[in-house]
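Trainee: Any chance you could fold what I've pasted below:
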Amino acid sequence: MSLDTDDITEILQLYSRYNTAIDTGDAPAFGACFVPDGIFDNGMSVVTGREDIAAFADQTHSAMPGMRHNATNIVIDGEGLEAKGSAFLIGYLVDGGYKVIVTGRYADELRKTDEGWRFVRRVFRADG
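Mentor: Numbers count the residues shown, from 1 in each chain. I've put the predicted structure just below:
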């Protein structure tokens, strides 16, 4: 049985919560987008567990408070309590203008938990 509309909507909200959390400096909310032992591979390091993932978000936002993340072309496929997703990223700075600083793609493994849909593993690879 494939995912229903409610599952797809909840996963799309997860993608949005993830970007909003890092862009507003809400590190605990960013970490909460993952299962407790979740893995975030950002292409430069692999971070494991909500606490360390939240610390990554805090450091990133502190270093670049004007960074914004836009996920586009989100595709979600799954069945039952498991799903795979992908999205393209456009990361840009809004300090004194608009400057694209990174583009790339996420490849995601997701699971439906008692807390709702969460990332189990999120891998980002920058273009180029």
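Trainee: Report the central residue of the chain.
Mentor: Y18 (4.6 Å; Cα atoms, centre = their mean).
Trainee: mind checking the SS state of it?
Mentor: The three-state label given to Y18 by DSSP: H, G, I helix; E, B strand; the rest coil is helix.
Trainee: How about A55: what's its closest non-neighbour residue?
Mentor: A27 (6.9 Å; Cβ to Cβ, 6 or more residues apart in numbering). From N, CA and C alone the C-beta is placed, and that goes for glycine too.
Trainee: ok, that neighbour touching H61?
Mentor: Yes - using Cβ atoms under 8 Å, A27 makes contact with H61 at a distance of 7.2 Å.
Trainee: quick one, which of these two is more surrounded?
Mentor: More neighbours sit around A27 than around the other of A27 and H61, counting by other Cβ atoms under 10 Å; the figures are 22 against 19.
Trainee: on that earlier part again, ok, the residue nearest to the centre of the chain - contacts?
Mentor: When the contact criterion is Cβ atoms under 8 Å, 6 or more residues apart in numbering, the partners of Y18 are 30, 33, 69, 119.
Trainee: Using a markdown table, lay out the residues you listed together with pLDDT and distance to T48.
Mentor: Rendered in a markdown table, the data for these read as follows (pLDDT from 0 to 100; distance: Cβ to Cβ, whole Å):
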| residue | pLDDT | distance to T48 |
| --- | --- | --- |
| F30 | 98 | 14 |
| C33 | 98 | 14 |
| H69 | 96 | 21 |
| F119 | 98 | 12 |
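Trainee: What about the residues you listed, which are in helices?
Mentor: Secondary structure assignment (DSSP state H) places F30 from the contacts of Y18 within helices.
Trainee: which of the contacts of Y18 are buried?
Mentor: When neighbours are counted using 16 or more other Cβ atoms under 10 Å, the contacts of Y18 contain these buried positions: 30, 33, 69, 119.
Trainee: so which two of those are the farthest from each other?
Mentor: Of all pairs drawn from the buried ones among the contacts of Y18, the widest gap by Cβ to Cβ lies between H69 and F119 and measures 14.2 Å.
Trainee: How confident was the prediction at the residue nearest to C33 when sequence neighbours are not counted?
Mentor: Leaving aside its sequence neighbours, C33 sits nearest to Y18 (Cβ to Cβ, 6+ apart; 4.5 Å). pLDDT, the model's per-residue confidence, is 98 for Y18.
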